[in-house]
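Novice: Whatever this is, show me its structure:
(2 chains)
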Amino acid sequence: MSSLFADHILSWMIAVPFIGMVALMFLRERSWVLYTALGTTLINAALAFYLWMSFDLIENGQQFVERVEWMPTFGIQYAVGVDGISLLLVLLTAFLPPLCILSSWESITTRLKAFMMLILLVEGAMLVVFTALDAFLFFMMWEVTMIPMYFMIVLWGGPNRVAAGLKYVIYSLTGSLLLLMGILGLSLQAGTFDIQALSQFSYSPNSEFWIFIALFLGFAIKLPMLPFHTWLPDAHSEAPTAGSVLLAGVLLKMGGYGLIRFCLPIFPEMAHSFAPFVLWLSVAGILYGGYMALAQTDLKRLVAYSSVSHMGFVTLGIFSFNNEGVEGAILQMVTHGLTTGAMFLIVGQLYDRTHSRSIADYGGLQQRMPRFVAILSLFAVASFGLPTTSNFIGEFLILVGVSYQNFAFVVFAMGGIVLGAAYMLWMLQRVAFGEPRTEAARKLTDLDFREMLTVTPLAIAIIAIGVYPGPLLEAMDSSVTFVVERLAEV
Amino acid sequence: MEALELAMSIYTLIPLLPLAAALTLTLFGERLQGKGHRIVIPAVAASFLVSVLAFINVSANGAIEVQLYRFLDVGQFKVDLGFFIDQLTVLILLLVTGVSTIVQVYSSRYMTGDRRHSRFFALTALFTAAMTLLVMSSNLLLTFIFWEVMGICSYLLISHYAERLPAARAATKVFLVNSVADVGLGIGVILTYLTFGTLDIPEILNLAKAGGEYSTQSITLLTLCLFCGAIGKSAQMPAHVWLPFAMEAPTPVSALIHAATMVNAGPFLLVRLSPIIVLSPTAMMVIAAVGATTAVFAALVSLTQTDVKRTLAYSTISQLGFMTLLCGVGAFVAAIFHLIAHGFFKAFLFLSTGDILADTHRHLEEEDNTKLPATKSLFIGAFILSVVPPLIIFSGPYRYLWLSQDFTEANVVLWIVSLGTIFVTAMYLFRSITTVFRRGPPGAIDGTATVTPKLFSGRQVLGMIILATAMVAVLVAVWRWFAGFLSPAVGGIPSRETVEFSIWILIPLAVALAGWTIAYIRHTRPRSLETPVWKKRLYVFFLNKGYFDEVYDVFLVGSTINFANWMWRKIDQSIIDRFVGSIASATLSVARRLGVLDSAVDSRVMTLGSGTISAALWLGKFGDTAGISKPVEELGRGVDASRRAARKYEPHTLQHNILVIVFWLIIALGFFYWITV
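Specialist: Just a heads-up that it's a prediction; the model follows:
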């Protein structure tokens, strides 16, 4: 019987959120709903931890693989497995939802059950995206993640939620369409949907170009890269706290993951010829996102634009095609998930109290909320990559990686870090220091036990990774080496 | 063997003890409110004792290396976390932990009753730990890491009085000036890695000493980048503006910043990497020039300031300029000697000022300060401070810098600038002390109300002379030992043969004495109202600190924020967003025109949908009806709302919309055409 568990651990992880959803349907009591949802996500977090512990660090291929024929006529399978790259993202996906649920404990007052179901749905779908070995399965779940996000924004969002939701859907659908064209293009030629088989097939040069473009744009919109980023600030700022956390923490990572999983191994030559363009665009994104964040007066929009800047680092690392860069990029995805998720959580806790996201409405919070300010400061400095916090490791590795390519990128990217320090500290100055600017800000209460419980795991994780990043880097090392060697063959 | 390993691991206690104290206070700060010093003082004092142990060990056995764990191992990039404790490190460690202990003891009284007592002590402990880690680290990346950690510590300490908006602004400014400079340091670290293939400090130093095949150009570039970081942390021009703002912190923090941590990191880094720096004469010249400019400019500014704390801040900048100048001319041993001497005396000065400030609140000119006991000690400190740099710079060991084979125009300029700075230093120190000593309110400018202080009674003059002689003797004695001890740890010119002092020592002493005398005469003589215009202009220029702050505010900070706002409104919202909006509206309006067809489909879907819902309702009898139908209803409402929002998008003509659609169709068709070819 033990094999039923140990051999199918991935399927269990995927199934648990869906089982939780079904269970939620039959519950009516508010506290029952909350505890069931929390329990479900905690079980998954435990399973993810078990997965990490039993992961073989030496092996560079897929592990815990499960394959079941699904639509044999088209060669579509239910196939899942993890390697070092997806392992980290699976861990992140399992780590954040419990915190999301804790953060919505009191703030979601209406339609609680539906909200919890949507969170579980996103978690389940994300796990499939990060573990899928079949392109069709990947695409299908990629689409599935979009729908719950849309409803979270539209039903529980801020005052401008409907327009933001619409924008999100338009962008996402465009990206999905391109992705669909790309994946269909791949499988029409190769005759299979299996991702590993796709990467071994050699495509005709013309189609290679167009498919690469389609896939790249699909991922770039999700990530988002520079000219496709305007959906992100709207969606992030209008979504409820848990939605923002999931969106910034996990959903954006699908783009970076897709680049590493599809674009690099399937089209090494194309990736090489596009690299200069992508690298310059990334640097532009880093600086542009930084400048945009500097201009914001809305807390959540500020954090959202900082995400644009951080995602620039991710593409910068991925397209430097060496271990340092790619591992830095993956670590940056994970740590961005932690720090930006943390920022949204803590800003959400402030929003719960006053229902205002405007920086100008606060000030002097240090007086009434010392605990809050301590945590906010930690997350803010972590977000601009202060050494000894997790983001620094990723960013520095990316800089080292890209310095082998062209040193100019390092100089520009460093400028982005200074901008990061500027907007974060300026925000901190206006929110936490001085005298309160409004009556509401004068009467705030400090974080209670539940809220501390929500942010403490993130704070610990951020410091721990910053001081001892070894285990995470070790876990992905051999898988990344595998990808990088494939790129070096060209 | 085991005893050796134990002895090595003991040195990890030097940073670990303050770090543990900081952590304890962070976690249990609320329960320990008001008792923080009881944890921090023993921790820092113990770490001082371990430093003494390290000092004894190093002077007996030479440098110690301690490996802790592998920090990063990615591709070719490997970083080991470990300590490298040599002669340079132990000296700075003694200074840091020693001064820090004194400052903590002092703060335990100074901070009594403060609202953020625990926070203060946790941060000063962390500050100390970061500085010790910085000087001990055996890897340049870790040096960079703790360099930044110190930055954030200073940020948090400067914003200690969080209610005061100026304090918060000062904190932000200090951190940002530093982080701009740290870009240089970061780039320098990566350049070092690319040049030497490693970031391990002992290894780099060996490579540099062996003098391999490194192009002077790349060495110059990386040295200047690293120096950029030192400019920031050590408040050299043009990044010197932050140090006066750091005065917003409680006074003990100023003592810590000026004497033990933070600013000393710059000269430390230059001396630590001296074997690399000496490879590039260009970089050395730049370093010397920056140091000399800073020294003389800050001394002049210091002469005009009315606030004692600000005078002291600019005097620190000036002294750091001296240290940088010394590094630039290759006198690394003297730079560290000056650093340590300055550290102890500056801490002393600050702590004496802190006592006065606690009573009188900053602007000393308005108070009668004669009765304050601390002023005497303040005077002694100031005196020593003005004597130390000339002794080192112009005395025997380095006379060849100015006289013998290296005699160039540049050196003459540096020589004159240094002498001038010594002169001004003597003057401003005298001036700030007499301000403190002033008896009675300043009253009218014509001098009638100003009472000449009885500073120089006969006994005091005698005391001064004895003190000065003793000081020179002590310095000469200490120097001989010091140069011999430190020289193995630095690159460049070995100073063992040149430890002897010579008659040249008298020149700078004479200059300093002249400064004191002129200041004294000016002080006792009544001031006249008639001053030439150029003098007034000069005075105002230096009083306003050369307008550096204003220029930065307008041209750097203001323009950056304006640029950011402009980009957001014009590019992000007007161009990118509107483009996407037009595509969206095009798609939607065409969809609406197709709606006729749609509605036919719609009715069928509706039938299907209602069938499903009734089936669901039937199912719901087994479970919870509301559980299914309610979310469905909500989702429906959401769709409805989005349809209403969609109606808002219709600013374009049909032609425009069709064009956009055709554009999309061409892309899609082209795509499928190409993949089938």
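Novice: drop to CA atoms for contacts and neighbour counts, all remaining ones
Specialist: Noted.
Novice: element containing residue 286?
Specialist: With no chain named, the answer covers chain A. helix A:268-295 (DSSP states H and E).
Novice: try again with chain B
Specialist: helix B:281-304.
Novice: and what of residue B:45?
Specialist: helix B:36-61.
Novice: Show me what that helix is packed up against.
Specialist: helix B:13-28, helix B:87-110, helix B:117-136 (3 or more Cα pairs under 8 Å, 6 or more residues apart in numbering or on different chains; DSSP states H and E).
Novice: returning to what we had before: buried set for the helix holding residue A:286?
Specialist: Neighbour-count burial for helix A:268-295 flags A:268-272, A:275-276, A:278-295 (criterion: 16 or more other Cα atoms under 10 Å in any protein chain shown).
Novice: so the host helix or strand of residue B:314 versus helix B:281-304, what angle?
Specialist: Taking DSSP H and E as the criterion, residue B:314 maps to helix B:308-328. Taking axes from the mean of the first three to the mean of the last three Cα atoms, to 10 degrees, one finds that helix B:308-328 is oriented at 160 degrees with respect to helix B:281-304.
Novice: pLDDT averaged over helix B:308-328, what's the number?
Specialist: For helix B:308-328, the mean pLDDT works out to 82.
Novice: swap in stretch B:175-194?
Specialist: 88.
Novice: on that earlier part again, restrict the buried residues of helix A:268-295 to those near chain B?
Specialist: A:291-292, A:294-295 (Cα under 8 Å from any Cα of the partner chain).
Novice: Let's have those residues in JSON lines, adding distance to residue A:304 and pLDDT.
Specialist: Conversion of these to JSON lines gives the following (distance: Cα to Cα, whole Å; pLDDT from 0 to 100):
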{"residue": "A:291", "distance to residue A:304": "12", "pLDDT": "86"}
{"residue": "A:292", "distance to residue A:304": "10", "pLDDT": "85"}
{"residue": "A:294", "distance to residue A:304": "12", "pLDDT": "84"}
{"residue": "A:295", "distance to residue A:304": "12", "pLDDT": "83"}
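Novice: Who are the packing partners of the helix holding residue B:286?
Specialist: Partner elements for helix B:281-304 (3+ Cα pairs under 8 Å, 6+ apart): helix B:216-233, helix B:308-328, helix B:409-437, helix B:533-543.
Novice: For that helix, list every residue counted as buried.
Specialist: Buried residues in helix B:281-304, counted by 16+ other Cα under 10 Å: B:282-304.
Novice: picking up where we left off before, of the helices and strands packed on helix B:36-61, which stretch is the most buried?
Specialist: For the helices and strands packed on helix B:36-61, average neighbour numbers computed from mean count of other Cα atoms under 10 Å in any protein chain shown are highest in helix B:117-136, which has a mean of 27.
Novice: Quote the end-to-end distance of stretch A:20-39.
Specialist: End-to-end distance for stretch A:20-39: 9 Å, by Cα to Cα, to the nearest Å.
Novice: Distance from it to the middle of the chain?
Specialist: From the chain centre to the centre of stretch A:20-39 is a distance of 26 Å (Cα atoms, centre = their mean, to the nearest Å).
Novice: Please identify the helix or strand for residue B:143.
Specialist: Assigned by DSSP H and E, residue B:143 falls in helix B:140-158.
Novice: need the next SSE after that helix, C-terminal direction.
Specialist: By DSSP H and E, the next helix or strand past helix B:140-158 is helix B:165-196.
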